[in-house]
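Visitor: from the sequence below, what's the structure:
(4 chains)
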Protein chains: 2
Amino acid sequence: MDPNCTCEKCELKSLFFQSVSEEELFNVCNNKKENEHKKGDLIIAEGSVIKDFIYLKSGLVKLYKTTRDHEQILKFAGPFDFVSILNIFSHNKHQYSVMALEDSVTCHVDFAEVRNMVLENGVFAHGLLQKMGQVSDSIIQESLQIRRHNLKGRVAIVLLYFANRVYEKDEFELPLSRKEIAEYIGKTTENVIRALSDFRKSNIIKIFGKVIEIIDKERLERLSKFG
Amino acid sequence: MDPNCTCEKCELKSLFFQSVSEEELFNVCNNKKENEHKKGDLIIAEGSVIKDFIYLKSGLVKLYKTTRDHEQILKFAGPFDFVSILNIFSHNKHQYSVMALEDSVTCHVDFAEVRNMVLENGVFAHGLLQKMGQVSDSIIQESLQIRRHNLKGRVAIVLLYFANRVYEKDEFELPLSRKEIAEYIGKTTENVIRALSDFRKSNIIKIFGKVIEIIDKERLERLSKFG
DNA sequence: CGCGGCTTTGATGTTCATCAAGTAAAGTGG
DNA sequence: CCACTTTACTTGATGAACATCAAAGCCGCG
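Guide: Numbers count the residues shown, from 1 in each chain, chains lettered A, B, ... in the order given. Down below sits the predicted model:
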């Protein structure tokens, strides 16, 4: 094993574990590319040709789709997420764009190599099927959840998502603009701001620009369930 | 090959084609079960344990999720659709219910057998990855499309979907109640009815109970794009 | 034949989008 | 580094879209 290869330590390996031989891993490792992206960088452009299997090593990104006049955000993805997994076997072009919300590092493995591994390694293929099911299910379930709620409920869901799932703290800096929250929950920017102001006036949260502090989490959770 | 086995002629075979050996197909064929379902029958209950890989041979079904007070329809599926594919590798329980909207026939293959084929047959696994990507993408894209439109636009999309994609005729019997349309597009039953009445008054469609005749398809298409 | 669910229409109120206008923050070029 | 421009944020006012409530007719089914 090449001592310069860091794939041994990569989280990606957990997906490959028990399935990819040393030889295969070595091959992947020597042909992979790691890219660094600054906050705001476009990582994948919708409509571009799929060449690589792309994995997010660190950071935070948004998956979104651009239509005539505005953008719709599908999902936020963090480490361990296979950003391109949904389309890679069924389309030759990316169906969604991916942009870095925080400085991020992606790992790119040539798609042909991944396909070969699928064809030759059933355990690996099975792992991909599992992962793909998880990703698609999370998008679908979140979308249905959002749809069931009104403005305040939707904003509450977003705040709790970042507090609980991303930062695991009740005070955090929102990696999103108000506009991006709106694009995720399907409401207007103004009304997202109004909901946040409302939460502030009701002493549910404190707002310092992009920094949010959740004061009354119980109430926010009630809103996220019944609002 | 068992002469009683009809799998040779099954559309499922196209997925397996070039990949499943005669022996494997014979095995699948002898262990498969075919079920007939009347319109309105529950085929899969959300939360039930996944035992089979389920394929819709004929008919029409809805995939939906039940929440405290109402249902949300995810997708309508017809022949060639793998109704359980999204969850089968990532969950042990069904995440969505499936109900027959028309008399339908499903084919059930034991999941353990499908998994074995994935593990041992890379081409088969690759085919599943492709299919799964298509299914998840269709749900996501449709959901985003619906979200971009107002009431009338959404109803127009549904009518055109059944006219163009399901029945391939401009006069057809809606397999859905008004309530189900509402559950799919995320509006109330009353407003779905109002949109339909509006289309009728504007001479875009004719309504005979469940039977819809599209008179002015161009206008309906404009609504489905810009409404 | 009567009950319950589906359909339809109308009236009313709520939620939210849009428009407008101003402030704050962040990027840009001299 | 500062003036300048642009983009993000915020609040208010208004109207449109839509949910809710109510009532009545229709249909299928036990």
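
Visitor: longest helix in chain A, by residue count?
Guide: helix A:122-147 (DSSP state H).

Visitor: just the angle for that helix relative to helix B:122-147, thanks.
Guide: Relative orientation of helix A:122-147 and helix B:122-147, computed by axes from the mean of the first three to the mean of the last three C-alpha atoms, to 10 degrees: 10 degrees.

Visitor: please identify the buried residues of helix A:122-147?
Guide: A:122-129, A:131-137, A:139-140, A:142-146 (16 or more other C-beta atoms under 10 Å in any protein chain shown). (C-beta placed from N, C-alpha, C; glycine too.)

Visitor: near chain B, anything from it?
Guide: Yes - for helix A:122-147, a contact with chain B is found by C-beta under 8 Å from any C-beta of the partner chain, at A:122-123, A:125-126, A:128-137, A:139-141, A:143-144, A:147.

Visitor: phi and psi next, for the most centrally placed residue in chain A.
Guide: Among the residues of chain A, the one closest to the centroid is A:Ala77, at 1.1 Å (C-alpha atoms, centre = their mean). Backbone torsions of A:Ala77, given as degrees, to the nearest 10, read phi -130, psi 140.

Visitor: partner residues bridging the nearest residue to it once chain neighbours are set aside?
Guide: Spatial nearest neighbour of A:Ala77, excluding adjacent residues (C-beta to C-beta, 6 or more residues apart in numbering or on different chains): A:Val61 at 5.2 Å. For A:Val61, the beta-bridge partners are A:Ala77, A:Ala100 (DSSP bridges).

Visitor: mind checking how far A:Val61 is from B:Val192?
Guide: According to C-beta to C-beta, to the nearest Å, A:Val61 and B:Val192 sit 37 Å apart.

Visitor: ends of stretch A:177-194, how far apart?
Guide: 14 Å (C-alpha to C-alpha, to the nearest Å).

Visitor: quick one: that stretch near DNA strand C?
Guide: Yes - judged by C-beta under 7 Å from any atom of the strand, stretch A:177-194 comes into contact with DNA strand C at A:Gly186, A:Lys187, A:Thr188, A:Glu190, A:Asn191.

Visitor: name the nearest of those relative to DNA strand D.
Guide: Closest approach between the residues of stretch A:177-194 next to DNA strand C and DNA strand D, by C-beta to the nearest atom of the strand: A:Glu190, at 4.4 Å.

Visitor: which SS class is the closest one?
Guide: Assigned by DSSP: H, G, I helix; E, B strand; the rest coil, the conformation of A:Glu190 is helix.

Visitor: what's it in contact with, if anything?
Guide: Listed by C-beta atoms under 8 Å, 6 or more residues apart in numbering or on different chains, the contact set of A:Glu190 is empty.

Visitor: so what's the residue lying closest to A:Tyr161 once chain neighbours are set aside up against?
Guide: In space, and not counting its chain neighbours, A:Tyr161 is closest to A:Phe76: 7.6 Å by C-beta to C-beta, 6+ apart. Shown in contact with A:Phe76 (C-beta under 8 Å, 6+ apart): A:Leu60, A:Val61, A:Lys62, A:Leu63, A:Leu101, A:Tyr161, A:Val166, A:Tyr184.

Visitor: how near is A:Phe76 to DNA strand C?
Guide: 20 Å (C-beta to the nearest atom of the strand, to the nearest Å).

Visitor: same thing with A:Leu144?
Guide: 16 Å.

Visitor: quick check on the closest residue to that residue other than its chain neighbours: phi, psi?
Guide: Spatial nearest neighbour of A:Leu144, excluding adjacent residues (C-beta to C-beta, 6+ apart): B:Gln72 at 5.3 Å. Backbone torsions of B:Gln72, given as degrees, to the nearest 10, read phi -120, psi 120.

Visitor: around B:Gln72, how many other residues sit close by?
Guide: Per other C-beta atoms under 10 Å in any protein chain shown, the neighbour tally for B:Gln72 reads 18.

Visitor: also the one 10 residues further on?
Guide: Using other C-beta under 10 Å, the number of residues around B:Phe82 comes to 19.

Visitor: report the buried residues of stretch A:69-89.
Guide: For stretch A:69-89, by 16+ other C-beta under 10 Å, it's A:71-77, A:81-89.

Visitor: ok, stretch A:190-202 next?
Guide: A:Asn191, A:Val192, A:Ile193, A:Ala195, A:Leu196, A:Phe199.

Visitor: out of these, who's nearest DNA strand C?
Guide: A:Asn191 (3.7 Å).

Visitor: one step back: which ones among the buried residues of stretch A:69-89 are found in strands?
Guide: Residues of the buried residues of stretch A:69-89 located in strands (DSSP state E): A:Glu71, A:Gln72, A:Ile73, A:Leu74, A:Lys75, A:Phe76, A:Ala77.
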